[in-house]
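Asker: Predicted model follows, preceded by the sequence.
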Amino acid sequence: MKRIYILFMLVILLSVPMAPLRGQTVTLTLGEAIARARTSSLDAAVALDQLRAAYWEHRSYRASLLPEITFKGTLPSYHKQYSPYMNQDGEYSFVANHYMQLSGEISVTQSIWPTGGTLGLTTSLDYLRQFSGQPYNRFMSIPVALTLSQPIFGVNHTKWNRRIEPTRYREAQAEFLSATEDVAITAIQLYFSMLMDRENLSIARENLSHAERLHAVAIEKRDMGQISKNDLLQMELNLLDAQSALTDCESALRTSTFRLQTFLDLEDSGELLPEVPDMLPNVEIPFGEAYDKALANNKLALSMARRRMEADYAVAQAKGDRRSINLYAQVGFTGSAHTVGGAYNPLKDNQLIEIGFEIPLLDWGRREGKVKVAESARDVTATGLRQEAQTFRQDLYVIVERYANQQRQLEIAARADTISARRYATNVETFMTGRISTLNLNDSRSQKDEARRAFINELYLFWLYYYQIRSLTLWDFASGTPIEADMEKMIKFAK
């Protein structure tokens with residue numbers, strides 16, 4: 001039994017995935033970094049929190065359109081006090097007032113979407129117990145009452161909210177999707193920063209190895225009288241420069257690695273080893289297609305539509321406030337008796353119709369001025385929106401044009417990297433035979449290093465432009481599908 005137990009525990013331990021040990025080298029691809037950033041970074045968590053807030057705000061708006069059932073009551077209201085009372089001859093005296101009151105009301109209210117009014121259905125029962133004088137009980141019932149409250153000539157707030165709020169929520173959804181693409185952009189920037197520092201470290205180590213080798217050869221040649229003292233000193237300076245560069249590159253790599261690990265929440269994952277991306281999305285992105293996708297999906301287009309409607313709403317509200325006419329009507333039945341049953345039989349009509357209005361006779365143009373202010377603000381908003389649309393179109397064009405040019409730039413940089421590496425290797429062997437000077441050797445080494453850095457930088461720019469276009473258009477051009485997410489599932493999963 002003991003052996004079976006030990007074997008069982010070993011099976012359980014082997015089936016549990018082991019986390020990377022501290023100090024272990026972990027290979028990280030660009031795709032893995034982006035995927036990790038979308039789920040584990042604080043930026044992604046902030047974007048999800050903002051989406052959650054917008055989701056519940058939209059849920060609250062939708063709930064406001066549905067019938068609302070409320071229960072109001074006073075259980076109890078007890079009074080024992082003296083109140084002033086005027087007699088028939090006009091004299092005042094204080095009388096004792098000792099009673100208890102209970103009341104309860106259930107009402108159902110529903111906003112009327114086409115007109116902006118409110119329709120309510122109410123039932124209530126009140127109970128009064130008089131303690132002073134000759135005690136008695138009294139009940140008053142309203143079995144059913146239908147109430148209508150309707151503004152006339154005023155702005156229909158429900159109609160405007162039904163237009164604005166869905167657009168606001170779609171804008172929040174688009175903003176969340178753009179934020180997830182921006183998270184990917186940040187991951188790309190940090191990833192290539194670490195990749196560049198690692199390439200610099202690799203270059204520094206290679207240069208140090210070559211500098212040590214060349215310095216040893218230079219000492220031997222100086223002893224044989226084949227090179228001058230100046231060339232030997234130059235080799236020694238190259239060695240010192242290589243040692244200093246190695247120290248700087250090691251420090252820079254530790255910093256960039258720490259930043260990426262912190263962003264991806266991989267602080268205990270060990271040493272990260274980034275891979276140079278070799279698979280690139282081979283897609284052409286015409287500006288016209290990108291601009292159409294941006295107009296259909298980008299948060300700016302939805303934001304512009306929302307702000308335009310809000311400006312129109314402000315004008316309509318200012319015009320509706322120039323005069324105020326409200327209709328209030330109530331139709332129902334009521335009853336009153338000393339018993340509960342008597343309060344419901346017989347019943348009497350309970351009707352109320354009230355029309356209130358407020359029309360300014362002289363306000364020195366204040367209300368009309370508010371209308372002009374709202375109209376001017378709408379014009380300013382419209383002009384600002386046109387300017388934003390123009391700037392957005394220009395920025396998108398620049399990024400699409402840079403992406404189109406980046407493919408060729410990347411090919412050139414890759415070819416230059418290969419050629420410069422071969423040239424430097426040839427010059428090193430030539431220097432060994434004494435047929436090239438130290439100046440030419442140093443020049444070829446610098447060109448080799450710069451070509452490698454230029455290739456990594458061009459590769460970074462390619463991915464940066466590609467994901468910037470994705471963020472602006474919310475379209476995956478590699479698969480030809482929109483960038484989407486199950487918002488409600490993500491919100492419920494994140495609770």
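Answerer: Structure's in. What do you need?

Asker: Which of the three states applies to residue 331?
Answerer: When classified by DSSP: H, G, I helix; E, B strand; the rest coil, residue 331 comes out as strand.

Asker: ok, how many other residues are close to it?
Answerer: Here the number of neighbours of residue 331 (other Cβ atoms under 10 Å) works out to 14. Yep, even glycine has a C-beta here, placed from its N, CA and C like the rest.

Asker: which residues of the stretch 151-300 of the chain fall in helices?
Answerer: For the stretch 151-300 of the chain, the helices defined by DSSP state H, counting those that start in this stretch cover 157-223, 229-264, 287-297, 299-320.

Asker: any idea of the angle the second one forms with helix 157-223?
Answerer: Inter-element angle recorded for helix 229-264 and helix 157-223: 150 degrees (by axes from the mean of the first three to the mean of the last three Cα atoms, to 10 degrees).

Asker: Out of the helices of the stretch 151-300 of the chain, which is closest to residue 413?
Answerer: With Cβ to Cβ as the criterion, residue 413 lies closest to helix 157-223 of these, at 12.9 Å.

Asker: mind checking how far the closest one is from the chain centre?
Answerer: Averaging C-alpha positions (Cα atoms, centre = their mean, to the nearest Å) puts helix 157-223 21 Å from its chain's average.

Asker: for stretch 312-332, same thing?
Answerer: Average the C-alpha atoms of stretch 312-332, do the same for its chain, and the two points are 36 Å apart (Cα atoms, centre = their mean).

Asker: Tell me which residues of it come out buried.
Answerer: Going by neighbour count (16 or more other Cβ atoms under 10 Å), the buried part of stretch 312-332 is 312-322, 326, 330, 332.

Asker: From the rest of the structure, what touches it?
Answerer: Under the criterion Cβ atoms under 8 Å, 6 or more residues apart in numbering, residues 117, 122, 142-155, 160, 164, 350-360, 367-368, 370-371, 373-375, 377-378 lie in contact with stretch 312-332.

Asker: now swap in stretch 374-394 and tell me
Answerer: The list of residues contacting stretch 374-394 from outside it, by Cβ under 8 Å, 6+ apart, reads 291, 294, 298, 300, 304, 307-308, 311-312, 314-315, 317-318, 472.

Asker: let's see it at 7 Å
Answerer: With Cβ atoms under 7 Å, 6 or more residues apart in numbering as the contact definition, stretch 374-394 has outside contacts at 291, 300, 304, 307-308, 311-312, 314-315, 318.

Asker: Do a quick rundown of the strands in this structure.
Answerer: Taking DSSP state E as the criterion, the chain contains strands spanning 25-28, 68-86, 92-111, 118-130, 136-152, 271-274, 324-337, 348-358, 475-476, 481-482.

Asker: Give the partner strands of the longest one in its sheet and their orientations.
Answerer: Sheet pairing of strand 92-111 (DSSP bridges) gives strand 68-86 (antiparallel), strand 118-130 (antiparallel).

Asker: tell me which residues in that strand are buried?
Answerer: Buried residues in strand 92-111, counting neighbours by 16+ other Cβ under 10 Å, are found at 99, 101-103, 105, 107, 111.

Asker: now, among those, which is nearest to residue 458?
Answerer: Using Cβ to Cβ, the shortest approach to residue 458 within the buried residues of strand 92-111 belongs to residue 111, at 58.9 Å.

Asker: Touching, the closest one and residue 118? I think so.
Answerer: Yes: the pair residue 111 and residue 118 passes the contact test of Cβ atoms under 7 Å, sitting 5.6 Å apart.

Asker: and for these two, which residues touch both?
Answerer: None of the residues lies in contact with both residue 111 and residue 118 under the rule Cβ under 7 Å, 6+ apart.

Asker: before we move on, back to that, now, the most widely separated pair of the contacts of stretch 374-394?
Answerer: Using Cβ to Cβ for every pair in the contacts of stretch 374-394, the one that comes out farthest apart is 291 and 318, at 35.6 Å.

Asker: In a markdown table, list the helices of the stretch 151-300 of the chain along with distance to residue 428.
Answerer: Conversion of the helices of the stretch 151-300 of the chain to a markdown table gives the following (distance: least, Cβ to Cβ, whole Å):
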| stretch | distance to residue 428 |
| --- | --- |
| helix 157-223 | 6 |
| helix 229-264 | 12 |
| helix 287-297 | 47 |
| helix 299-320 | 54 |
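
Asker: burial measure for the spatially closest residue to residue 163 that is not a sequence neighbour, as a count.
Answerer: Computed as Cβ to Cβ, 6 or more residues apart in numbering, the closest residue to residue 163 that is not its neighbour in sequence is residue 309, at 5.6 Å. For residue 309, the tally of surrounding residues (other Cβ under 10 Å) stands at 15.

Asker: residues in contact with residue 309?
Answerer: Counting by Cβ under 7 Å, 6+ apart, residue 309 touches 163-164, 167.

Asker: go with 10 Å
Answerer: For residue 309, the contacting residues are 160, 163-164, 167-168, taking Cβ atoms under 10 Å, 6 or more residues apart in numbering as the criterion.

Asker: Rebuild the residues you listed as JSON lines, extending it with pLDDT and neighbour count.
Answerer: What follows is the contacts of residue 309, written out as JSON lines (pLDDT from 0 to 100; neighbours: other Cβ atoms under 10 Å):
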{"residue": "160", "pLDDT": "93", "neighbour count": "18"}
{"residue": "163", "pLDDT": "94", "neighbour count": "14"}
{"residue": "164", "pLDDT": "94", "neighbour count": "18"}
{"residue": "167", "pLDDT": "94", "neighbour count": "18"}
{"residue": "168", "pLDDT": "94", "neighbour count": "19"}
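
Asker: Perfect, I'm done here.
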